[in-house]
Every structure is written in structure tokens, then in C-alpha cells.
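> Build me a model:
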Amino acid sequence: MNSFEKLSDEIVLHIFENIDWKHNVQLRGTCRRFRRLSDDPILWNKHYSRTAQLIMTPRSSHSDYHKLYRISRNWSTGRATSSSINTNSDKILTQLHENYVFSTLRNSGTLFVHSFSPVDAEQELSDKSILAEFKLKPIADISIDSNLSYHSDGVIRVAICFTDKSFSIFSFKTQTNQLESHLYQKKPRVDAGFEKVLYTSLNSPYYITCTDRFRLTIYHVAIQPTFIQSYTSSIAYHPASIHIDQDSWNVVVAYITPSFPSLYSVAVQTFPLRSGDCLYTNANKDIKSARRTSRILDISISRNSRWIALAREDNVVEVFELTECLKEHSKLPTTPKYLSLRLHMTLNGHNCAASSVAIANDRCVTGDVRGDIKIWNLKPNTNVEDISKPFDLAESRGITLREHPPMPSMGVKQIAFDNTSVLSVTRDFMRVYKFDV
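Model prediction:
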């Protein structure tokens with residue numbers, strides 16, 4: 001130990017960086033010098049980057065050292081929080097399916113169903129477009145079933161999660177404008193009442209909820225709702241996006257990982273679903289973080305889980321490609337897979353902050369704080385870093401679907417996209433844009 005204490009600060013920090021953080025905590029208690037060096041923010045940021053993963057709840061025995069995993073005492077300036085999520089009652093929740101839009105206000109007990117013309121190029125959704133109005137319990141989030149086989153002629157399957165964390169699966173009949181409940185899950189017996197559900201995803205027979213404290217809960221909803229597994233993390237940040245890949249039945253989670261001193265990256269994890277249980281292996285603990293960027297305002301995952309788009313605080317939108325690769329030189333009987341996340345395109349077209357993004361198939365729709373909306377083509381290119389070209393149909397309209405004068409009320413808060421229709425949500429209105437495939 002005497003020889004160790006004689007080492008320079010740089011060498012000691014290098015040693016601290018390459019040992020486990022728990023051993024780091026033990027060493028910091030040996031002397032005042034080690035205690036001072038172990039509080040280095042960059043050191044703890046590197047520890048954080050290596051362990052920034054969701055933990056299965058039954059095995060979540062990690063105890064962070066005085067919350068230093070929140071990037072060394074919250075960067076000492078309070079900058080460790082990502083862009084805030086609005087959980088107030090004025091947060092508009094929307095879902096787009098064919099020629100119907102489901103909308104409500106967060107914490108409101110009223111659900112509206114709008115319809116719009118399949119041929120009009122642009123139309124605003126108002127009171128006249130409301131087909132039906134339903135009184136329910138206060139709503140936390142709504143989601144349309146991504147599994148089209150569960151939709152029948154004239155029936156739309158929708159999941160509604162309530163503020164008490166109970167949820168119900170409904171069928172909306174378009175011919176009679178009726179909403180029928182099929183499945184209902186009561187509020188969890190053991191529940192953190194201070195947590196609020198922010199995101200949900202339904203791809204039958206699986207349903208996922210995610211809270212503001214980043215607790216993911218997975219249910220099987222084929223016949224009766226059945227709890228499968230719960231994951232939690234104290235080192236993942238919002239905004240986030242969750243998606244259930246129907247081809248592989250993987251849960252794909254993209255979320256923010258802050259980096260010292262004021263930059264943000266995106267991390268992605270997958271959790272395979274197997275017959276009412278969740279397989280958790282070492283391969284699924286691997287996280288591939290994208291390069292660090294400025295503050296991220298929105299994240300979107302494509303339905304095929306191939307594309308992940310980030311809308312940044314500046315005027316740039318980054319699109320990453322997520323692929324599975326086989327690990328080389330593995331001694332296991334079956335070669336494990338790991339995630340590979342690479343920058344595919346940088347979309348430079350907005351002249352202000354890109355506030356919202358959505359992806360469908362190989363097309364991306366973006367909106368900014370002044371109300372401009374653009375469509376992009378994400379077809380593979382040999383040069384990954386190439387600046388993409390606007391989608392041809394959008395380019396024929398002057399590159400943008402809609403161009404506004406800079407007004408605060410016109411900023412795009414949400415974008416929904418189903419490859420033929422674009423739903424834009426601002427502070428004052430909802431508008432739908434149609435274009436030919």
C-alpha cells in the first residue's frame with residue numbers, strides 16, 4: 001500500500017478506472033488522497049458508461065454509492081437530467097391508425113376518436129371530426145395494437161393505461177362507434193405510487209408499460225393479463241422509446257445515457273420474450289451506445305426495429321441502424337449475438353431545434369419547434385455518414401410538407417406516421433397530411 005500511495009495522481013486514476021466500482025468505493029476509504037481522487041467526475045462517468053443497463057427487478061441488488069452513478073453528483077451543476085417529460089394534464093396523447101385518430105389529455109378521463117378523409121391532402125382535426133367520446137378513468141397513455149392480425153374488419157384494438165397503473169384492452173367498432181372492453185388488469189398490489197406511466201406499447205399478445213422512474217413492466221395479454229417480468233434502472237433517462245418486434249419477439253428499448261459534462265448518448269437493449277417468460281442472458285446485457293450528441297428531445301424506433309432516430313436540440317436528426325451480429329471466438333455451444341448500433345444518416349434540413357420524429361418502414365418524418373415538417377428516405381447507402389436526400393414526394397412540395405412563420409404555438413410537439421398519413425400535434429391543433437405511397 002505504501003508503494004501504491006507514492007504513485008502519481010494520473011496513474012492512480014488510471015487504476016481506479018480499470019477496477020470495479022465496488023472496489024473503487026473500498027479503496028476510497030483508505031486515505032484522504034484516494035477519497036479525493038475517487039470523486040473525479042470523469043472516472044465515475046466511465047464507470048457509469050460500462051454499467052448503464054436495465055436491471056431485472058428480482059436481481060436488482062445494485063446499490064450506487066451516494067447516487068454517484070448519476071454522473072458524479074449530478075455533474076455538480078444539476079445537468080444530469082435529460083429533457084423533461086411533461087406529465088401535466090395539458091400533455092396531449094394521440095394514436096394514429098388508418099383514417100382514425102385516438103386522442104386525450106394525460107390525466108384526463110375523456111377519450112376522443114376522430115376520423116379524417118383518406119383523400120384530402122391536408123386537414124385539421126376539430127370538434128367536427130370527432131366520431132365518438134368516451135368517459136373513462138384518468139388516462140396515463142394509449143397505444144394501438146401493432147399486431148395487425150388482431151385487428152378485424154371494422155374493429156381497432158387499443159390499450160389504455162390509467163393513472164393508477166391498471167390497464168384495459170378495448171375494441172373500437174368503426175361501424176357503430178362503440179368501445180368494448182375485453183381484458184382488464186387491476187392496479188399492481190405492490191406499487192410505487194409516486195411513479196407515473198409515460199409510455200406503453202401493445203403488440204399482442206404482449207403489452208409493456210414504462211414509468212417516469214424507468215420501470216418497465218411486461219404483460220402477456222392473450223386471454224387474461226399475466227405479469228411476466230419487470231425491469232428498472234436508476235441510470236437511464238427520458239425521452240425513451242419502447243417497441244415489441246413481432247418477427248423476433250424482442251422488446252427493444254432505446255433511452256438516453258448522459259455523458260460528462262453536458263452531452264447525451266443513446267443506448268439500446270433487447271429482451272427476448274419466450275412463452276410467458278422473459279429470457280435474460282449475458283448477451284442481452286450488452287449495450288451499444290451511439291456517439292455522444294447534444295441534448296436529445298425525442299426518440300423513435302421503426303416497426304421492424306431496424307432504425308432508431310434521434311431529434312436533437314440543434315437542427316440535426318440522426319438515424320442509427322440497429323443490427324444483430326455474432327460474437328467471434330465464442331466458446332459457447334451456440335454463438336451468442338450482440339447489438340451493433342451505427343450512424344446511418346444525418347438529416348440536415350431544419351433551421352431550428354428538431355422537436356419530434358417518427359419512423360415507418362424506410363421513411364422518417366421530422367418536425368421542429370417552428371412547425372416545419374419533413375419526410376426523409378432512409379434507404380441503405382454505401383456511405384453511412386452521407387447526408388440524406390429528402391423523400392421525393394416531399395421534395396416536389398418544396399421539401400417540407402408544411403412551412404410556418406416562427407410562432408411559439410406552431411411548434412410540433414408530436415409526430416405520428418403510418419407511411420401514408422402524417423399526424424402533427426401542436427399546442428393549438430392537430431393536423432393530418434396525406435400523400436401517395
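
> neighbours of the nearest residue to Ser305 once chain neighbours are set aside, just the number please.
Using Cβ to Cβ, 6 or more residues apart in numbering and skipping residues adjacent in sequence, the residue nearest Ser305 is Asp245, 4.3 Å away. To be clear about C-beta, it is placed using only N, CA and C from the backbone, and glycine gets the same treatment. A count of nearby residues for Asp245, using other Cβ atoms under 10 Å, gives 20.

> need the contact list for Asp245.
Shown in contact with Asp245 (Cβ atoms under 8 Å, 6 or more residues apart in numbering): Val251, Val252, Asn304, Ser305.

> element containing the last one, please.
In the assignment (DSSP states H and E), Ser305 maps to no helix and no strand.

> where does it land on pLDDT?
pLDDT, Ser305: 81.

> now swap in the second one and tell me
Val252 is assigned a pLDDT of 87 by the prediction.

> if I look at it, how far off is Arg28?
37 Å (Cβ to Cβ, to the nearest Å).

> Mind checking which of these two has more residues around it?
Neighbour count, other Cβ under 10 Å: between Val252 and Arg28, Val252 has more, with 21 against 18.

> quick revisit: quick check: the gap between the residue nearest to Ser305 and Phe417.
In terms of Cβ to Cβ, Asp245 sits 18 Å off from Phe417.

> What of Arg431?
13 Å.

> Mutual contacts of those two, please.
Leu423.

> who has more neighbours, these two?
Using other Cβ under 10 Å as the criterion, Arg431 and Phe417 rank with Phe417 on top: 24 against 20.

> and the more buried one, what does it touch?
Leu96, Ala358, Ile359, Ala360, Arg363, Val365, Leu423.

> Would you convert the residues you listed into CSV that also reports distance to Glu324, pLDDT and neighbour count?
Shown next, in CSV, are the contacts of Phe417 (distance: Cβ to Cβ, whole Å; pLDDT from 0 to 100; neighbours: other Cβ atoms under 10 Å):
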residue, distance to Glu324, pLDDT, neighbour count
Leu96, 29, 94, 22
Ala358, 24, 93, 23
Ile359, 19, 91, 25
Ala360, 22, 85, 19
Arg363, 23, 86, 21
Val365, 26, 91, 27
Leu423, 31, 93, 23
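
> Specify the next element, helix or strand, located C-terminal of the helix or strand in which Ser300 is found.
Per DSSP H and E, Ser300 falls inside strand 296-301. Where DSSP H and E defines the elements, the next helix or strand beyond strand 296-301 is strand 307-312.

> As PDB, could you dump the C-alpha coordinates of that following strand?
Extracted C-alpha coordinates of strand 307-312, given in PDB (Å, rounded to 0.1, in the frame of the first residue of the first chain):
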ATOM      1  CA  TRP A 307     -34.000   2.200 -37.400                       C
ATOM      2  CA  ILE A 308     -33.600   4.400 -34.400                       C
ATOM      3  CA  ALA A 309     -34.000   8.200 -34.900                       C
ATOM      4  CA  LEU A 310     -33.000  11.000 -32.600                       C
ATOM      5  CA  ALA A 311     -34.300  14.500 -32.700                       C
ATOM      6  CA  ARG A 312     -31.700  16.800 -31.200                       C
END
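
> Show me what the helix or strand just after that strand is packed against.
Per DSSP H and E, strand 307-312 leads on to strand 316-326 as the next helix or strand towards the C-terminus. Counting contacts by 3 or more Cβ pairs under 8 Å, 6 or more residues apart in numbering; DSSP states H and E, strand 316-326 is packed against strand 307-312, strand 337-348, strand 354-360, strand 363-368.

> How far does strand 316-326 sit from its chain's centre?
14 Å (Cα atoms, centre = their mean, to the nearest Å).

> If you average pLDDT over each of the helices and strands packed on strand 316-326, which is lowest?
Mean pLDDT across those is lowest at strand 337-348; the value there is a mean of 77.

> packing partners for that one?
strand 263-274, strand 316-326, strand 373-377.

> the inter-axis angle of that strand versus strand 373-377?
With axes from the mean of the first three to the mean of the last three Cα atoms, to 10 degrees applied, the angle from strand 337-348 to strand 373-377 works out at 130 degrees.

> How far away from the center of its chain is strand 337-348?
Worked out by Cα atoms, centre = their mean, strand 337-348 lies 16 Å from the chain centre.

> quick one, it and strand 307-312 angle?
50 degrees.

> Domain map for the chain?
2-74, 293-437 (automatic domain parsing).

> Can you turn the buried part of the contacts of Asp245 into a ChimeraX selection?
A single ChimeraX command is used to select the members of the contacts of Asp245 judged buried by 16 or more other Cβ atoms under 10 Å:
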select :251,252,305
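
> Including distance to Asp39, could the contacts of Asp245 go into CSV?
Shown next, in CSV, are the contacts of Asp245 (distance: Cβ to Cβ, whole Å):
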residue, distance to Asp39
Val251, 36
Val252, 36
Asn304, 45
Ser305, 40
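
> for whichever strand or helix holds Ile142, packing partners?
In this assignment (DSSP H and E), Ile142 forms part of strand 139-144. If you count contacts as 3+ Cβ pairs under 8 Å, 6+ apart, strand 139-144 packs onto strand 92-97, strand 100-105, strand 155-162, strand 197-203.

> strand partners of the last one, parallel vs antiparallel please.
Sheet pairing here is set by DSSP bridges, and for strand 197-203 it gives strand 206-211 (antiparallel).

> Distance from the strand it pairs with to the middle of the chain?
Counting by Cα atoms, centre = their mean, strand 206-211 comes out at 12 Å from the chain centroid.

> What of stretch 199-212?
Distance, centroid of stretch 199-212 to centroid of chain: 11 Å (Cα atoms, centre = their mean).

> what do you get for stretch 175-187?
26 Å.

> For that stretch, which outside residues touch it?
So stretch 175-187 is contacted by 111, 113, 131-132, 134, 154, 164-173, 219, 221, 224-225 (Cβ under 8 Å, 6+ apart).

> let's go with 6 Å and repeat that
Contacts of stretch 175-187 with the rest of the structure, by Cβ atoms under 6 Å, 6 or more residues apart in numbering, involve 131-132, 134, 154, 164-172, 221, 225.

> That one: which residues count as buried?
Leu179, Leu183, Gln185.
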